[in-house]
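In: Got a predicted structure plus its sequence, pasted below:
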Amino acid sequence: MIPAQDLDRPVEFYRDAPGFKFLFQVPGRGMAFFGRDGVRLCIGEPEAGQEFSNGAPIYYRVESVDNVYSDLKEKNVDLAFEPHMIYEDETHELWMIFINDTEGNPVGFMEERPKN
């Protein structure tokens, strides 16, 4: 579960900024579900008595990190850094960007670029 302090903020963020498909919200439970490329995300508020803490990064494979970066920049999303290569081997380069959602949770987007 991706932790949220105020469910309305991340629901709007995940639906509009990275363009996740909103599936449904659970009334009275502080939970909402999204889908992307066959993966289901649960965003939720802490249970009564639990403290809020940020979640671990979630990484999404995308066709083009540069295109995602441009799209998110136009939407004024909190971008941690510009696209950059973090790894390479004989056949591919791994490019990444990170953003922070409205609750401070890190979200990574990665692209495996074939070497020519």
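Out: Alright, I've got the coordinates. Keep in mind the model is a prediction, meaning the values are calculated, not measured. Residues are numbered from 1 along each chain as shown.
In: drop to CA atoms for contacts and neighbour counts, all remaining ones
Out: Will do.
In: shaky segments in the protein?
Out: For the chain, the stretches with pLDDT under 70 are 49, 52.
In: now the helices for it?
Out: Applying DSSP state H to the chain gives helices spanning 8-16, 65-74.
In: and those as JSON lines, adding distance to Asn116?
Out: JSON lines is the format used below for those (distance: least, C-alpha to C-alpha, whole Å):
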{"stretch": "helix 8-16", "distance to Asn116": "34"}
{"stretch": "helix 65-74", "distance to Asn116": "18"}
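In: what residues does stretch 25-37 touch?
Out: Under the criterion C-alpha atoms under 8 Å, 6 or more residues apart in numbering, residues 7, 11, 14-15, 20-24, 40-45 lie in contact with stretch 25-37.
In: sorry, that was for stretch 47-63
Out: With contacts defined as C-alpha under 8 Å, 6+ apart, stretch 47-63 is touched by 1-5, 45-46, 68, 103-111.
In: let's see 10 Å
Out: Contacts with stretch 47-63, where a contact means C-alpha atoms under 10 Å, 6 or more residues apart in numbering, come from 1-5, 29-30, 36-37, 39, 45-46, 68, 96-100, 103-113.
In: Now the terminal residues of it, how far apart.
Out: End-to-end distance for stretch 47-63, by C-alpha to C-alpha, to the nearest Å: 36 Å.
In: just how off-centre is it within its chain?
Out: 9 Å (C-alpha atoms, centre = their mean, to the nearest Å).
In: Just the ones of the contacts of stretch 25-37 in strands?
Out: If you go by DSSP state E, the contacts of stretch 25-37 have 21-24, 40-44 in strands.
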